[in-house]
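A.B. asks: Here is a sequence with its predicted model. Questions after.
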Amino acid sequence: GNSVTQMEGPVTLSEEAFLTINCTYTATGYPSLFWYVQYPGEGLQLLLKATKADDKGSNKGFEATYRKETTSFHLEKGSVQVSDSAVYFCALMPGNNDMRFGAGTRLTVKP
Amino acid sequence: DGGITQSPKYLFRKEGQNVTLSCEQNLNHDAMYWYRQDPGQGLRLIYYSQIVNDFQKGDIAEGYSVSREKKESFPLTVTSAQKNPTAFYLCASSIVHSHDTDTQYFGPGTRLTVL
């Protein structure tokens, strides 16, 4: 079946450090891939997406590249800020409205 | 501003009572969804609806019911049959039949606590 596996947290970084959150997926066909971010007590906000192999999604300094050969969609940011502290969810949509989410990775950035 | 609203933000229920969570969107989206989020876990799909007067069960529909009488509204009822209803509930919506058909947009959530 379709599923997403993302690295377990929590992840704690100092401000201006480099961030990588790993995400791998299992899916039939060619799913769209997403990263969502959730701030405390709020809903999920779309951070970025990619719809086909080798596409790079980017937003607010975050990037992720759709790698079909490694079935991965790792999230990266070159220099994190305290305001990036949140829970990050990787998700896939195989095309039938059956969106699948990873378990989420909590990021804490310290000043 | 267009968006998805959920009410109330916090809800307390006694055991054995039914409770209804509201979800409204003014994005003119065709599809709407309900998810449940438990601490440290991802989202699990309860129900979804792609068109008015039609909806389908998700992975964990037992103990829940929905209706879709209007395009803008997709209320979720948590019934007394739901054994462990304390959770954070998220509503989402998406366009159908467009280039952005697969992107879901989320409301702010309702935290339900059973006393």
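C.D. replies: Yep, that arrived.
A.B. asks: what sits against the spatially most central residue of chain B?
C.D. replies: When chain B is reduced to its mean C-alpha position, the closest residue under CA atoms, centre = their mean turns out to be residue B:34, at 2.7 Å. Listed by CB atoms under 8 Å, 6 or more residues apart in numbering or on different chains, the contact partners of residue B:34 are B:23, B:45-48, B:58, B:64, B:66, B:74, B:76, B:89-92. For every residue, glycine as well, the C-beta is placed using N, CA and C.
A.B. asks: quick one: it is in a strand?
C.D. replies: Yes. Counting by DSSP: H, G, I helix; E, B strand; the rest coil, residue B:34 is found in a strand.
A.B. asks: one step back: with secondary structure, pLDDT and distance to chain A added, can I get the contacts of residue B:34 in TSV?
C.D. replies: TSV is the format used below for the contacts of residue B:34 (DSSP: H, G, I helix; E, B strand; the rest coil; pLDDT from 0 to 100; distance: CB to the nearest CB, whole Å):
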residue	secondary structure	pLDDT	distance to chain A
B:23	strand	98	11
B:45	strand	94	7
B:46	strand	97	13
B:47	strand	97	12
B:48	strand	95	6
B:58	coil	94	8
B:64	strand	97	18
B:66	strand	98	15
B:74	coil	98	14
B:76	strand	98	14
B:89	strand	97	10
B:90	strand	96	5
B:91	strand	97	8
B:92	strand	96	8
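A.B. asks: any idea which of the residues you listed is closest to residue B:16?
C.D. replies: Of all these, residue B:16 sits closest to residue B:64, with 15.7 Å by CB to CB.
A.B. asks: Bridged to that closest one, which residues?
C.D. replies: Beta-bridge pairing for residue B:64 (DSSP bridges): residue B:78.
A.B. asks: Strands of chain B, start to end?
C.D. replies: Applying DSSP state E to chain B gives strands spanning B:4-7, B:10-13, B:19-25, B:31-37, B:43-51, B:54-57, B:64-66, B:76-78, B:87-94, B:105-106, B:110-114.
A.B. asks: what's the answer for chain A, then?
C.D. replies: Assigned by DSSP E, the strands in chain A fall at A:3-6, A:11-14, A:19-21, A:23-26, A:32-38, A:44-50, A:56-59, A:62-65, A:75-77, A:86-93, A:100-101, A:105-110.
A.B. asks: got CSV for the ones you listed, with mean pLDDT too?
C.D. replies: Listed next are the strands of chain A as CSV, based on pLDDT from 0 to 100:
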stretch, mean pLDDT
strand A:3-6, 94
strand A:11-14, 97
strand A:19-21, 97
strand A:23-26, 96
strand A:32-38, 96
strand A:44-50, 96
strand A:56-59, 97
strand A:62-65, 98
strand A:75-77, 98
strand A:86-93, 95
strand A:100-101, 92
strand A:105-110, 96
